[in-house]
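Student: coords below, sequence missing:
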Ligand SMILES: [Zn+2]
């Protein structure tokens with residue numbers, strides 16, 4: 001029997017109150033609620049294609065980065081990094097769970113680093129982080145903070161060896177770091193409860209993570225309905241930042 005929204009909230013609260021090993025999967029919805037832009041949104045894609053004559057996906061690819069670093073960085077700084085957001089109530093609720101010792105990992109495809117900003121101890125950033133930039137010269141490999149990249153004119157270069165700086169995010173065409181994938185798989189295999197936040201079961205991160213989870217305490221909170229949502233044990237259609245703080 002399908003639960004009403006109120007019943008689902010109560011049941012989710014009960015599950016989270018008992019769980020000892022929770023893993024949260026954070027999708028684009030969680031950062032959009034904090035002010036980020038969704039680059040998969042059609043209107044955004046049309047505007048980018050109009051202005052840059054390429055899709056966001058083409059620009060953010062390893063091929064474009066290698067062949068046109070100047071144009072890549074123009075887009076990266078003017079669009080991708082201009083996408084400022086700060087952690088909202090979703091993140092403070094997750095931090096409460098972390099402080100209580102029950103949140104074992106946050107797995108995310110967002111690169112904004114909001115989980116780390118609030119101090120969550122175990123964060124697996126599958127697509128890397130805009131905060132972890134490094135010198136492309138492998139014998140140098142100096143690390144640079146986000147502000148350094150933002151403040152450099154044109155293509156940012158290393159202040160030691162003058163090689164171009166590589167953004168810390170995963171570009172299209174690149175594989176996800178194997179070690180991070182293994183850690184994510186292990187965290188999900190050990191979890192007694194998984195929270196899917198601001199995304200759905202069509203998301204490849206969610207599919208990968210859930211293929212390693214055998215439990216029956218899968219809670220989905222997402223504003224947008226999707227036909228695969230019924231795969232979850234508890235489904236709550238609402239903004240994550242309005243619901244999660246009520247549950248923990
Ligand atoms: Zn260097």
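Tutor: Arrived safely, thanks for sending. Bear in mind that the values here come from a model prediction, so they are computed numbers and not experimental data.
Student: for the chain, which residues are neighbours of the ion?
Tutor: Residues of the chain lying close to the ion (CB under 5 Å from the ion) are 135, 137, 140, 142, 158, 160, 161, 163. To be clear about C-beta, it is placed using only N, CA and C from the backbone, and glycine gets the same treatment.
Student: ok, the closest residue in space to the last one that isn't next to it in sequence - contacts?
Tutor: Read it as residue 163. Once flanking residues are discounted, residue 163 sits nearest to residue 137: 3.8 Å by CB to CB, 6 or more residues apart in numbering. Neighbouring residues of residue 137 by CB atoms under 8 Å, 6 or more residues apart in numbering: 158, 161, 163.
Student: can I get the residues of the chain next to the ion in TSV including distance to residue 9, pLDDT and secondary structure?
Tutor: Converted to TSV, the residues of the chain next to the ion look like this (distance: CB to CB, whole Å; pLDDT from 0 to 100; DSSP: H, G, I helix; E, B strand; the rest coil):
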residue	distance to residue 9	pLDDT	secondary structure
135	48	97	strand
137	52	96	coil
140	52	97	coil
142	48	98	coil
158	50	98	coil
160	53	98	coil
161	55	98	coil
163	52	96	coil
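Student: top of those by number of neighbours, please.
Tutor: Using other CB atoms under 10 Å as the contact criterion, the top neighbour count among the residues of the chain next to the ion goes to residue 135, which has 22 neighbours.
Student: can you tell me the element residue 221 falls in?
Tutor: strand 218-222 (DSSP states H and E).
Student: quick check: the gap between the residue lying closest to residue 87 once chain neighbours are set aside and residue 242.
Tutor: Nearest in space to residue 87, with sequence neighbours left out and distances taken as CB to CB, 6+ apart, is residue 114 at 4.3 Å. As for residue 114, its distance to residue 242 is 17 Å (criterion: CB to CB, to the nearest Å).
Student: more crowded one of those two?
Tutor: Neighbours of residue 114 and residue 242, each counted by other CB under 10 Å, are more numerous for residue 114; the result is 24 against 14.
Student: wait, what's in contact with the more buried one?
Tutor: With CB under 8 Å, 6+ apart as the criterion, the residues that contact residue 114 are 30, 31, 34, 85, 86, 87, 91.
Student: count of neighbours near residue 43?
Tutor: Neighbour count of residue 43, defined by other CB under 10 Å: 8.
Student: pretty sure it is in a helix, no?
Tutor: Yes. Membership of residue 43 in a helix is supported by DSSP: H, G, I helix; E, B strand; the rest coil.
Student: so what's the residue most central in space within the chain up against?
Tutor: If you average the C-alpha coordinates of the chain and look for the closest C-alpha using CA atoms, centre = their mean, you land on residue 110, 2.2 Å from that point. The neighbourhood of residue 110, defined by CB under 8 Å, 6+ apart, consists of 26, 27, 28, 30, 31, 36, 125, 127.
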